[in-house]
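**Student:** Next comes the sequence, and after it the predicted model I'd like to discuss.
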Amino acid sequence: MQEVDDIKPCYPLFRNDEYKEVLARKRDEYEEGHERSKVDEAFTWTTTAEYQELNFKREALTVNPAKACQPLGAVLCALGFEKTLPYVHGSQGCVAYFRTYFNRHFKEPVSCVSDSMTEDAAVFGGQKNMFDGLANAKALYKPEVIAVSTTCMAEVIGDDLNAFINNAKKEGHIEKEFPVPFAHTPSFVGSHVTGWDNMFEGIARYFTLNYMEDKVVGSSGKINFVPGFETYLGNYRVIKRMMGEMGIDATLLSDPTEVLDTPSDGKFRMYEGGTTLDEIKAAPNAVTTVLLQPMQLEKTKKFVENTWKHEVPKLNIPMGLEWTDEFLMKMSEISGKPIPASLELERGRLVDMLGDSHTWLHGKKFALYGDPDFVLGMTKFLMECGAEPTHILSNNGSKKWAKAVDKLLASSPYGIHGKAYPGCDLWHLRSLVFTDKPDFLIGNSYGKYIQRDTLYKGQEFEVPLIRLGFPIFDRHHLHRMTTLGYEGAMYMLTTLVNAVLERLDDETRGMGTTDYNHDLVR
């Protein structure tokens with residue numbers, strides 16, 4: 001039992017004798033589990049090359065996919081626009097999942113509503129839910145825009161968002177002029193990055209497609225930046241800072257930094273900051289539109305090129321040294337503004353840091369996983385550090401992404417042992433780290449289960465996890481960090497090299513046995 005003077009969290013609490021007894025009785029009387037020897041036998045088999053061969057023959061099963069579904073991305077996109085309420089046409093449980101996913105990552109309340117489709121809607125369609133939902137959402141939460149996306153149920157039965165929204169306006173459930181952009185985001189295809197892309201295209205289409213007569217490319221003198229599915233809030237800020245230092249008038253199209261990072265000052269902010277409606281409406285007047293994560297923004301690219309008539313610069317995600325150089329030089333070329341001394345100084349500091357840490361990162365092997373652009377950028381940066389990326393996995397990566405990874409690996413001697421794994425999940429990756437052990441694993445919080453499994457086989461098999469990516473549930477405040485630009489490279493480098501040094505400490509703590517490297521000067 002808990003005692004007032006000695007409150008324990010779950011970990012030490014469950015090690016008390018009374019809890020050990022309860023859990024043991026539960027196993028013996030109800031779980032009908034196998035003997036430990038049988039479990040260990042099966043575990044050991046799953047770490048073999050024989051099992052890996054069978055594992056990679058899977059076709060109809062995904063285990064821990066390392067991706068989320070489309071509506072999750074659509075919600076994040078909508079949150080980046082001023083006074084916009086994300087609205088999901090689907091079941092309540094789906095929306096509860098989206099909210100809690102973001103709650104756990106950002107440690108912030110996340111506003112998102114659902115029209116709670118149930119069995120009757122699955123049979124007769126969800127138009128009535130849409131009528132009531134739009135009216136109630138507008139009356140209760142007073143948004144200036146409601147951005148609608150869908151879940152599996154609505155897509156399987158074929159609900160037509162355009163028709164439903166127009167009918168809701170015709171019948172007076174919501175004013176005809178009230179903005180309700182939408183996107184079909186079926187959860188059973190694509191991933192969260194696809195959903196972000198679809199939602200952005202839907203918002204851009206709603207506010208600009210039929211209003212292009214007076215638009216002139218370049219007339220505003222601005223440059224648009226489309227971030228894609230981006231959960232490092234520092235990345236939005238670093239793009240604005242770098243463009244500000246260059247004197248470039250930049251517009252971030254979807255910017256959730258304020259609503260997902262509100263202060264604790266006694267005031268609740270359902271809506272805070274974001275790209276304004278005037279900014280998205282005027283976006284076609286920009287000089288060009290830059291896609292910060294081009295691998296995941298194919299639909300947006302087509303719309304920007306075909307409707308806004310923008311020549312989208314061919315760039316990689318601005319991660320690491322060289323790709324940030326290319327990004328800034330292209331921005332200088334487009335804008336006519338020179339790269340300022342402040343950014344040159346920042347670049348020099350990064351180069352100095354790379355020199356300082358190269359000794360410790362050189363030759364270290366890293367497996368990594370995550371979204372396509374992030375993983376591509378991380379692969380590039382690892383090789384800039386002298387590290388060797390080995391198993392490079394992206395469940396939502398395409399064949400095009402895999403070709404880009406292979407080309408990148410071939411450009412450096414540090415990429416000789418690397419291989420891309422598009423469409424593979426974390427159970428595939430688990431096999432890979434057992435049969436061809438890297439020194440470290442880079443990815444989101446779900447990688448901790450791979451680290452636990454490798455340690456269970458023996459300390460010499462353990463592959464420590466370095467948390468970079470999305471989602472990160474089991475650490476705090478990392479979502480405020482930066483992975484883009486020179487600043488982001490500095491953060492990633494600091495994270496990587498200190499993980500290597502922390503591991504070295506772990507391995508050299510034996511007094512008089514392994515402590516020959518337990519020194520203070522590194």
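**Tutor:** Right, received. Where do you want to start?
**Student:** For the rest of this, base every contact and every neighbour count on C-alpha atoms.
**Tutor:** Noted.
**Student:** For residue 383, which non-adjacent residue is closest in space?
**Tutor:** Excluding the flanking residues, the one nearest residue 383 by CA to CA, 6 or more residues apart in numbering is residue 414, at 5.7 Å.
**Student:** likewise residue 257?
**Tutor:** Per CA to CA, 6+ apart, closest to residue 257 is residue 233, 5.5 Å.
**Student:** wouldn't that neighbour be in contact with residue 480 here?
**Tutor:** Yes - taking contacts as CA atoms under 8 Å, residue 233 lies within contact range of residue 480: 5.0 Å.
**Student:** between those two, who's got more neighbours?
**Tutor:** residue 233 (21 against 17; other CA atoms under 10 Å).
**Student:** thinking again about what came up before, burial count for the residue nearest to residue 383?
**Tutor:** 23.
**Student:** How about the one 5 residues further on?
**Tutor:** The tally of other residues near residue 419 (other CA under 10 Å) stands at 17.
**Student:** check contacts around it.
**Tutor:** Shown in contact with residue 419 (CA atoms under 8 Å, 6 or more residues apart in numbering): 390, 391, 392, 405, 406.
**Student:** And these, which is closest to residue 67?
**Tutor:** The nearest member of these to residue 67, counting by CA to CA, is residue 392 at 14.8 Å.
**Student:** SS state for the closest one?
**Tutor:** Under DSSP: H, G, I helix; E, B strand; the rest coil, residue 392 falls in the strand class.
**Student:** quick one: average confidence on stretch 20-28?
**Tutor:** In this model, stretch 20-28 has an average pLDDT of 92.
**Student:** if we can go back for a sec, any chance of JSON lines for the contacts of residue 419, columns neighbour count?
**Tutor:** Below are the contacts of residue 419 laid out as JSON lines (neighbours: other CA atoms under 10 Å):
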{"residue": "390", "neighbour count": "27"}
{"residue": "391", "neighbour count": "23"}
{"residue": "392", "neighbour count": "26"}
{"residue": "405", "neighbour count": "25"}
{"residue": "406", "neighbour count": "18"}
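**Student:** Serialize those to JSON lines and add fields for pLDDT and distance to residue 241.
**Tutor:** Output for the contacts of residue 419, formatted as JSON lines (pLDDT from 0 to 100; distance: CA to CA, whole Å):
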{"residue": "390", "pLDDT": "98", "distance to residue 241": "34"}
{"residue": "391", "pLDDT": "98", "distance to residue 241": "34"}
{"residue": "392", "pLDDT": "98", "distance to residue 241": "31"}
{"residue": "405", "pLDDT": "98", "distance to residue 241": "29"}
{"residue": "406", "pLDDT": "97", "distance to residue 241": "33"}
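**Student:** sorry, back to before: hang on, the residue nearest to residue 383 packs against residue 385?
**Tutor:** No - using CA under 8 Å, residue 414 is not in contact with residue 385, being 9.4 Å away.
**Student:** show me what contacts the nearest residue to residue 425 once chain neighbours are set aside?
**Tutor:** Nearest residue to residue 425 in three dimensions, chain neighbours excluded: residue 65, at 4.5 Å (CA to CA, 6+ apart). Shown in contact with residue 65 (CA under 8 Å, 6+ apart): 395, 424, 425, 426.
**Student:** What does residue 65 show for phi and psi?
**Tutor:** phi -80, psi -10 (degrees, to the nearest 10).
**Student:** I'd like to know how far it sits from residue 228.
**Tutor:** Going from residue 65 to residue 228 by CA to CA, to the nearest Å gives 20 Å.
**Student:** ok, how many other residues are close to the residue nearest to residue 270 when sequence neighbours are not counted?
**Tutor:** Leaving aside its sequence neighbours, residue 270 sits nearest to residue 111 (CA to CA, 6+ apart; 6.6 Å). Residues lying near residue 111 (other CA under 10 Å) number 19.
**Student:** So residue 111, which state does it fall into?
**Tutor:** Once three-state DSSP is applied, residue 111 turns out coil.
**Student:** Help me confirm that residue 224 is found in a strand?
**Tutor:** Yes - assigned with three-state DSSP, residue 224 falls within a strand.
**Student:** Just give me the neighbour total for it.
**Tutor:** For residue 224, the neighbour count with other CA under 10 Å is 21.
**Student:** Okay, now the unreliable bits of this structure?
**Tutor:** The chain contains residues with pLDDT under 70 at 1.
**Student:** so how far is residue 105 from the spatially most central residue of it?
**Tutor:** Compute the mean C-alpha point of the chain, and by CA atoms, centre = their mean the closest residue is residue 470, 4.1 Å away. Distance, residue 470 to residue 105, using CA to CA: 8 Å.
**Student:** same question, residue 404
**Tutor:** 29 Å.
**Student:** More neighbours: the two, which one.
**Tutor:** More neighbours surround residue 105 than the other of residue 404 and residue 105, with 20 against 16 (other CA under 10 Å).
**Student:** in the strand or helix carrying that one, what counts as buried?
**Tutor:** Here residue 105, judged by DSSP states H and E, is contained in helix 92-106. Residues 94, 95, 98, 99, 101, 102, 103, 104, 105, 106 are the ones in helix 92-106 that count as buried (16 or more other CA atoms under 10 Å).
**Student:** Pretty sure the third one sits against residue 73.
**Tutor:** Read it as residue 98. No - the pair residue 98 and residue 73 fails to qualify as a contact (CA under 8 Å) at a distance of 9.1 Å.
**Student:** Ramachandran coordinates for residue 308?
**Tutor:** Backbone phi and psi, for residue 308 under degrees, to the nearest 10, turn out to be phi -80, psi -10.
**Student:** hang on, the earlier thing: who touches the residue nearest to the centre of the chain in this structure?
**Tutor:** Here residue 470 is in contact with 105, 231, 370, 443, 444, 445 (criterion: CA under 8 Å, 6+ apart).
**Student:** so the second one, which of the three states?
**Tutor:** On the three-state scheme (three-state DSSP), residue 231 is labelled coil.
**Student:** What distance do you get for it to residue 82?
**Tutor:** For residue 231, the distance to residue 82 (CA to CA) stands at 18 Å.
**Student:** Tell me which of these two has more neighbours.
**Tutor:** residue 231 (25 against 22).
**Student:** right, and the helix or strand after the strand or helix carrying residue 12?
**Tutor:** Per DSSP H and E: residue 12 is located in helix 10-13. Sequence order places helix 17-26 as the next helix or strand after helix 10-13, per DSSP H and E.
**Student:** tell me how far that next one is from the chain's mean position?
**Tutor:** Distance, stretch centre to chain centre, for helix 17-26: 39 Å (CA atoms, centre = their mean, to the nearest Å).
**Student:** what's the next secondary structure element after it?
**Tutor:** Counting by DSSP H and E, the next helix or strand C-terminal to helix 17-26 is helix 36-45.
**Student:** need the next SSE after that following helix, C-terminal direction.
**Tutor:** helix 49-55.
**Student:** which secondary structure elements does that following helix contact?
**Tutor:** helix 426-435 (3 or more CA pairs under 8 Å, 6 or more residues apart in numbering; DSSP states H and E).
**Student:** For the helix it packs on, which outside residues touch it?
**Tutor:** By CA under 8 Å, 6+ apart, helix 426-435 touches 46-49, 51-52, 55-56, 63-66, 367, 391, 393, 447, 450, 454, 461, 463.
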